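Novice: All I have is the shape, not the residue letters:
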């Protein structure tokens, strides 16, 4: 039978003060002896033995039992985080493949361009938000001097879930944009409140700080990526003003003309919009040529100044549709058809930035 010193040692080693009832090993909250779950974090409580009945062996078993419960909970968060990440990677990869294969039409609005033709940027931003989420969450906790009542592994796993959900939902139709913001925010608050055993005030403040840090990081990353793809540094303030003015002039209807008694097609020209992002990054167009031509007839879109072919294809049922391409501002394009252009040929230009024929 152990003496009093042994009992005091076993109590100290187990981290549980048996004289004060059940202390939750997960969050440290004090509970009475009749509860099976912690009143604060809802973790399963170990029913401690009365003073005089605890032995060194039972204390070690208690520690192993609590450790097992913690690992089971961490396992659930791991499976959730893993499922969200796999879904985000699979969905992002699918839309990137679709965009790379040119399966989307030329956009009529900036929203269409972002949705269908910015897959690479969106995936990179999603990866940045997800992979750096544990770091940003820990920075938020340090800024606010908040100590989560759980293991560091669980903090990291919880951090992955909200940005992963937001990335998945961001691929939905723009009409569901509110869900992209609201659902991850609710999940974030619940995970911080219950998963990390934070108070409602701390869960709110930590969540808002994490969101602000993530938004700043994504804004900088997005600017850097779009500047690289535009092949020139973009001034965010100038771009926002120019884009706002340019959007008023963007029109959804196609530009179309029918050739009557001419031996050559009219030239196609895109004027600058004063937005470098629109002119050198976001502008996408598609050209359709219809006429009474045989299927094997070759059609080309050429740079009128250099006479170099930009796109080449063949008629399919007297119709040729170009893949979606990025026309350059202040560059003139023309259509060339082997054997010459016949009367009645119809040329249609679908473009985000209006073209002139």
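Specialist: On my side now, so go ahead. Only a predicted model underlies this, so the values are computations on that prediction, with no experimental measurement involved. Residues are numbered from 1 along each chain as shown.
Novice: pLDDT weak spots in the chain?
Specialist: For the chain, applying pLDDT under 70 flags the ranges 1-28, 33-37, 39-75, 77, 92, 96-103, 246-253, 262-263.
Novice: quick one: residue 144 and residue 207 touch, right?
Specialist: No: assessed by CB atoms under 8 Å, residue 144 is found out of contact with residue 207, at 10.6 Å. For the C-beta atoms, the positions are set from N, CA and C on the backbone; glycine is no exception.
Novice: Give me the contacts around the helix or strand harbouring residue 142.
Specialist: Residue 142 is located in helix 133-143, with elements delineated by DSSP states H and E. Helix 133-143 is touched from outside by 147-148, 155-156, 158-160, 162-163, 206, 209-210, 213-214, 217, with contacts defined as CB atoms under 8 Å, 6 or more residues apart in numbering.
Novice: The closest residue to residue 95 other than its chain neighbours - how many residues pack around it?
Specialist: Across the structure, with CB to CB, 6 or more residues apart in numbering as the measure, the residue nearest residue 95 apart from its sequence neighbours is residue 119 (5.1 Å). The criterion is other CB atoms under 10 Å. On that basis, residue 119 has 21 neighbouring residues.
Novice: what's the answer for residue 225, then?
Specialist: Residue 225 sits with 17 neighbouring residues when counted by other CB under 10 Å.
Novice: That one falls within a strand, correct?
Specialist: No: checked against DSSP: H, G, I helix; E, B strand; the rest coil, residue 225 lies outside a strand; its state is helix.
Novice: from what I can see it touches residue 123, true?
Specialist: No: Residue 225 is beyond contact range of residue 123, at 10.3 Å (criterion: CB under 8 Å).
Novice: so how far is residue 90 from the residue nearest to residue 95?
Specialist: When CB to CB, to the nearest Å is applied, the distance between residue 119 and residue 90 equals 13 Å.
Novice: intersection of neighbour lists for those two?
Specialist: Any residue near both residue 119 and residue 90 by CB under 8 Å, 6+ apart counts here, and not one turns up.
Novice: who touches residue 242 in this structure?
Specialist: With contacts defined as CB under 8 Å, 6+ apart, residue 242 is in contact with 273-276, 278.
Novice: from the residues you listed, which ones fall inside helices?
Specialist: Counting by DSSP state H, the contacts of residue 242 place residue 276 in helices.
Novice: Quick check on the contacts of residue 242: which are buried?
Specialist: In terms of neighbour count (16 or more other CB atoms under 10 Å), the buried residues within the contacts of residue 242 are 273, 275-276, 278.
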